[in-house]
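Chemist: Okay, structure incoming, though there's no sequence with it:
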DNA sequence: CATAAAATCGGACACTTGTCCAAATTTTAT
DNA sequence: ATAAAATTTGGACAAGTGTCCGATTTTATG
C-alpha cells in the first residue's frame, strides 16, 4: 500500500511530465537552431546534440527517433507563428485595420524570422516525400487557412474556398519574400508590408 | 604534324562531346526518376546508378559530383517545363485565349507531372540552404517570371513588378494544387484549370 | 542519510554515404 | 591489325549516420 495520498502522487507525476515536456521543448529549440541553419537534409543528431550541449544518447532518451524530434520542432513553430497571427488579428476590426494588421504581422515575421520560415518550408517539402510529416503539415496549414478565413469574415468577404485559395496566394508571396530576404536583396518592413497589403486588398 | 584536316578533327571532337552530352542526359533522366520518387534528401548515388543500370563509378565519370548531377536534372526540367509553357502561350492571342491557354497548360502539368514538380520544389527548397543550387533556381524562376510578363503583355495588363508578383501568386496556387494532387484528394483537369483561371482573371 | 528513480554520458554497433582508383573491356583511329 | 583512347567495372576507403546500451552521476523520496 502507498504511504502518500493519491492526489499527491498525481501531483508528482504531473510535475514530472511537465518537467519532461519542458526539457523536450528546450531540446527542440536547440534542434531548431541547427535545422534552421543547416536544413533538414544536412542536420544530424550530432549537430543537434552539440548545440543543445547534450550527449547523443539524451536525444533518444527524450525522443523516440529523429523524426519525432523534428516533428516536435514543427509543433513549436506552429504554436508561435499561428498565435502571433491570431493575436495580431484579434486586436483589429474593420476591413482596413484587419488588412493592415495581417500585412504588418507577416512583414514583421519575414524580417525577424525568415530563417525559421525557411525551416518550415523545408519540412513542408519533406512531407511531400515522407508521409510521417504530413499530419503535422496538414494541421499547421489548416490553422493557417483558418486564420485567412477569420480575416475574410472580419473584412466581410467570406466566401466558399476563400480559406484555401487565400492561403495559397498569401503563401506564394510570403515564401517568395522569404526567399528574397535570405538569398537575394533584403527589403525593409514597409516595402514587404506594402506588397502584402496590395494582395490582401484584392483578395478581401 | 596531323594527318587529317583540322575541320575533320573538329567534327570528331563535336561528335564526341555531343555523344557525351546525350549520355549525361540519359543518366540525368534516370536520376530524375529516383529523385522524383525519393526526394533530394533520400536519394543516394546508388539509387540513381541502380535505376540507370550503371555502376557507381560511371556517375563520377560523367559528373563531377552529386550536386552537378542534380543540377543537370534541374536543367532538363527547366527546358521541358518552360518551353511547354512558352509553346502554349505562343499559340494564343487576346486576353481570354491567353488566360485559358496558361490555365490549361498549368492544369495539365499538375495532372501529368505532379511528381516532377515535387522534385523542383524540393530542389528550390534546398537552394535556401545550399548556395550551389541558387544560380540554377534563379535562372528557372527568371524564366518563369518572363512567362508571366509575356502573358501580361498579351493581355494588355503589363505593369512594373507584374512578373515577380504574378509569379509568386501563381506559384502559390500551383504548388498547393500539386501538394493536394500528391498527398490529398486528386482533382481532375477541369477543376484545376478553373481555379487557376479564376486567379489569372483577377491578376491580368 | 540511504535508497530508488531519473537523467546523463560515452562509446559501440551496423549501415549508408560520396568519392576515388586500378584494372579490364570496348570503341575508335591509324 | 595495332595502338591509343574512351568507357566501364567492381570494390576499397574514410567519414558520417541513426540507434542502442551499460555504466555513472544526479536528483528526488522515505
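Modeler: Sure thing, it's come through. Small disclaimer: the values here were computed from a predicted structure and weren't measured.
Chemist: From residue A:50, how far off is the residue of chain A found nearest DNA strand C?
Modeler: Ranked by Cβ to the nearest atom of the strand, the top residue of chain A for proximity to DNA strand C is residue A:57, at 2.4 Å. Every C-beta, even on glycine, is put in place using the N, C-alpha and C of the backbone. When distance is defined by Cβ to Cβ, to the nearest Å, residue A:57 is 14 Å away from residue A:50.
Chemist: sorry, back to before: name the SS class of the residue of chain A closest to DNA strand C, please.
Modeler: Following DSSP: H, G, I helix; E, B strand; the rest coil, residue A:57 is assigned to helix.
Chemist: re earlier: give me the more crowded residue out of residue A:57 and residue A:50.
Modeler: Set residue A:57 next to residue A:50 and count neighbours by other Cβ atoms under 10 Å in any protein chain shown: residue A:50 wins out with 13 against 8.
Chemist: how close does that one sit to residue A:65?
Modeler: From residue A:50 over to residue A:65 the distance is 19 Å, taken as Cβ to Cβ.
Chemist: Next: residue A:196.
Modeler: Using Cβ to Cβ, residue A:196 is found at 38 Å from residue A:65.
Chemist: So these two - more neighbours on which side?
Modeler: Each of residue A:196 and residue A:65 has its neighbours counted (other Cβ under 10 Å); residue A:196 has more, 23 against 12.
Chemist: So the more buried one sits against residue A:176, correct?
Modeler: No - using Cβ atoms under 8 Å, residue A:196 makes no contact with residue A:176, being 10.8 Å away.
Chemist: Spell out which residues of chain A are next to DNA strand D.
Modeler: Applying Cβ under 7 Å from any atom of the strand, we find that chain A lies next to DNA strand D at A:3-4, A:12, A:15, A:42-47, A:56-57, A:59-60, A:65-67.
Chemist: May I have the secondary structure class of residue A:185?
Modeler: Of the three states, residue A:185 takes coil under three-state DSSP.
Chemist: ok, it to residue A:27 distance?
Modeler: Residue A:185 sits 36 Å away from residue A:27 when distances are taken as Cβ to Cβ.
Chemist: Who has more neighbours out of these two?
Modeler: Using other Cβ under 10 Å as the criterion, residue A:185 and residue A:27 rank with residue A:27 on top: 23 against 6.
Chemist: could you measure the more buried one against residue A:132, distance?
Modeler: Distance from residue A:27 to residue A:132, counting by Cβ to Cβ: 19 Å.
Chemist: Walk me through the domains of chain A.
Modeler: Here the domain assignment for chain A is A:1-63, A:67-203, based on automatic domain parsing.
Chemist: Please state the offset of the shortest one from the chain centre?
Modeler: Looking back up the chat, that one is domain A:1-63. Taking Cα atoms, centre = their mean, to the nearest Å, the mean C-alpha location of domain A:1-63 is offset from the chain mean by 19 Å.
Chemist: Next up, the contacts around the one residue in chain A that gets nearest to chain B.
Modeler: Closest approach between chain A and chain B, counting by Cβ to the nearest Cβ: residue A:172, at 2.0 Å. Residues counted as contacts of residue A:172 (Cβ atoms under 8 Å, 6 or more residues apart in numbering or on different chains) are B:168-173, B:175.
Chemist: Can I get the residues you listed in TSV including pLDDT?
Modeler: Below are these laid out as TSV (pLDDT from 0 to 100):
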residue	pLDDT
B:168	98
B:169	98
B:170	98
B:171	98
B:172	98
B:173	98
B:175	98
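Chemist: Return the helix or strand in chain A with minimum mean pLDDT.
Modeler: In chain A, no helix or strand scores lower on mean pLDDT, DSSP states H and E than helix A:6-38, which sits at a mean of 84.
Chemist: Could you identify the helix or strand that succeeds that helix?
Modeler: Using DSSP states H and E, the helix or strand that follows helix A:6-38 in sequence is helix A:45-51.
Chemist: Show me what that following helix packs onto, helices and strands only.
Modeler: Judged by 3 or more Cβ pairs under 8 Å, 6 or more residues apart in numbering or on different chains; DSSP states H and E, the packing partners of helix A:45-51 are helix A:6-38, helix A:56-62, helix A:66-90.
Chemist: what does that helix contact?
Modeler: For helix A:45-51, contacts defined as Cβ under 8 Å, 6+ apart pick out A:27, A:30-31, A:33-35, A:38, A:55-56, A:58-59, A:66, A:69.
Chemist: So, low pLDDT: which residues of chain A?
Modeler: Within chain A, the stretches with pLDDT under 70 are A:1-13.
Chemist: May I ask which helix or strand encompasses residue A:197?
Modeler: Judged by DSSP H and E, residue A:197 forms part of helix A:189-203.
Chemist: go on, residue A:151?
Modeler: Residue A:151 belongs to helix A:134-154 when assigned by DSSP H and E.
Chemist: buried set for that helix?
Modeler: For helix A:134-154, the buried set under the neighbour-count rule, 16 or more other Cβ atoms under 10 Å in any protein chain shown, comprises A:134, A:136-137, A:140-141, A:143-145, A:147-152, A:154.
Chemist: Could I get the contacting residues of the closest residue to residue A:78 other than its chain neighbours?
Modeler: Once flanking residues are discounted, residue A:78 sits nearest to residue A:140: 4.6 Å by Cβ to Cβ, 6 or more residues apart in numbering or on different chains. Listed by Cβ under 8 Å, 6+ apart, the contact partners of residue A:140 are A:74, A:77-78, A:82, A:120.
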